[in-house]
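Chemist: curious how this folds, go ahead:
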Amino acid sequence: MRIILVLARKDLRILMRVRSGLFFTFVWPVVVAILFGVVFSAPAQNAATALRVVVVDEDQSDSSRAFLRQLEASGDFTLDFAGLTDAEAMVRRGQRAAYFVLEEGFGTASQRRLAGRPPAIRIGSDPARQADTWMIEGLLMKHAMGGTSTRRPLQIARTGVARERLGPANGFEITFPQGIMWGIIGCVMSFAIGLVSERVHGTFVRLQTAPITRFDILAGKALACFAAISTLQIALVTIGVVGFGIRPSYPMLALACLSASAGFVGLVMMVAGLGRTEQSASGAGWAMLMPMTLFGGGMMPQFIMPAWMQTVGHASPVKWAILAMEGAVWRRFSLTEMLLPCGILLAFGTVCFAIGVRGLRDT
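Modeler: Numbers count the residues shown, from 1 in each chain. This is a model prediction of the structure:
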């Protein structure tokens, strides 16, 4: 075991000395994650600024309908109509900013200019989005006082509707798994080409003449690559949590990262086993990794891809690595749900490792 650790430490020190490899392994993934996170987090710039809300008209009077037509004509609101249960569900799922209810008697109260109870509206919104609620209240009051249908102040009540978190909290929860994937790709290519270079320049042969076994040599390479990929993932997750509001499930994330590390260590061995020179290993590696990354969601999230690309992506380990990380970061996978992507990564790594060891033995 001591020999394996010494060999692994040697490979890690070589990686730290190669500045270009170090940049694409540790720096470039952070740049990718932050840059695309900013893009995905930016609010859409639409010409229309109307608030999209759901209306429950319990009054069903001419005055309530006239008030709603006035709201739509103003351009301040885009109104959808639903029952109370459906309206609450739409706000809870984040599909609408809020709902408001025109309570029974709204029309009658609107006709009384000064006397009696004022027209009543009940607003349902997420308590965490107070700014939206205040804006809706202000706009409703403005149209009630300045319109032709009521000209009376409103009696407004609030109902809290806690929003369910069904997706990523921000764009960085989408892009940091992609950034981690680019770092893993950098590790794969750095270690694969380094192993081929040692074989071409005789270092691998000299190691084999030493009083150590072939297993020790390959295990040291695999351990160094596993440690580099794991360190990269820990570093990027730390940056995401501290600086960009990522809130993962740490046990599930540990499972995802360990599975991804093991899976792509196998790919390192396969790329190194297929290449006879540094150039051939580099060409073979990128020829495999670019389609894997494209169809697996490393260049763009899979959910915005056409259906045929998503289907092809099932064959890519990149897709399963990103899915496992997303399951821990924002999809909220259970342990049972994590078993599929993690199991596929481990199986992929085992097969690739076996192919790579055979290729290295033949050379």
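Chemist: which parts of the longest helix seen in the chain are buried?
Modeler: The single longest helix within the chain, with elements called by DSSP state H, is helix 214-244. The neighbour-count check on helix 214-244 (16 or more other Cβ atoms under 10 Å) flags 216-233, 236-237, 239-241, 244 as buried. Every C-beta, even on glycine, is put in place using the N, C-alpha and C of the backbone.
Chemist: got the angle for the helix or strand that comes right after that helix vs helix 214-244?
Modeler: Once the chain leaves helix 214-244, the next helix or strand it forms, by DSSP states H and E, is helix 250-274. Compare the direction of helix 250-274 with that of helix 214-244 by axes from the mean of the first three to the mean of the last three Cα atoms, to 10 degrees and you get 140 degrees.
Chemist: and the next element down the chain from helix 250-274?
Modeler: Criterion used, DSSP H and E; the element after helix 250-274 is helix 278-296.
Chemist: by contact count, what packs against that following helix?
Modeler: Applying 3 or more Cβ pairs under 8 Å, 6 or more residues apart in numbering; DSSP states H and E, one finds that helix 278-296 contacts helix 172-200, helix 250-274, helix 317-329.
Chemist: for the last one, name the packing helices and strands.
Modeler: To tie it back to what came earlier, the one meant is helix 317-329. Checking 3+ Cβ pairs under 8 Å, 6+ apart, helix 317-329 ends up next to helix 172-200, helix 250-274, helix 278-296, helix 335-362.
Chemist: quick one: distance of it to the chain centre.
Modeler: 9 Å (Cα atoms, centre = their mean, to the nearest Å).
Chemist: give me the residues contacting stretch 59-77.
Modeler: 48, 50-53, 55, 57, 78-79, 102-108, 110-111, 139-140, 143-144, 147-150 (Cβ atoms under 8 Å, 6 or more residues apart in numbering).
Chemist: can you flag the buried ones in the residues you listed?
Modeler: Buried among the contacts of stretch 59-77 (16+ other Cβ under 10 Å): 53, 55, 57, 79, 102-103, 105-107, 110, 139-140, 143-144, 147, 149-150.
Chemist: low-confidence stretches in the protein?
Modeler: 40-49, 113-115, 128, 146-152, 163-166, 362-363 (pLDDT under 70).
Chemist: one more time with 50
Modeler: Confidence mapping of the chain against pLDDT under 50 gives the ranges 44-48.
Chemist: measure the residue nearest the centre of it to residue 300 for me?
Modeler: When Cα atoms, centre = their mean is applied to the chain, the residue found nearest the centroid is residue 174 (2.0 Å). Distance, residue 174 to residue 300, by Cβ to Cβ, to the nearest Å: 10 Å.
Chemist: one more: residue 192?
Modeler: Applying Cβ to Cβ, the value for residue 192 to residue 300 is 25 Å.
Chemist: outline the domain layout of this structure.
Modeler: In the assignment given by automatic domain parsing, the structural domains of the chain cover 2-41+168-362, 51-160.
Chemist: and these, which is most packed in?
Modeler: Mean neighbours per residue, mean count of other Cβ atoms under 10 Å, is largest over the domains of the chain for domain 2-41+168-362, with a mean of 19.
Chemist: can you give me the offset of it from its chain's centre?
Modeler: 17 Å.
Chemist: doesn't residue 290 make contact with residue 185?
Modeler: No - Residue 185 is beyond contact range of residue 290, at 9.2 Å (criterion: Cβ atoms under 8 Å).
Chemist: show me what the longest helix of the chain is packed up against.
Modeler: Checking 3+ Cβ pairs under 8 Å, 6+ apart, helix 214-244 ends up next to helix 2-17, helix 28-41, helix 172-200, helix 203-209, helix 250-274, helix 335-362.
Chemist: what angle separates the last one from helix 250-274?
Modeler: Counting by the same axes, to 10 degrees, helix 335-362 lies at 20 degrees to helix 250-274.
Chemist: can you lay out the helices and strands packed on helix 278-296 as a markdown table showing distance to residue 34?
Modeler: Shown next, in a markdown table, are the helices and strands packed on helix 278-296 (distance: least, Cβ to Cβ, whole Å):
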| stretch | distance to residue 34 |
| --- | --- |
| helix 172-200 | 8 |
| helix 250-274 | 19 |
| helix 317-329 | 16 |
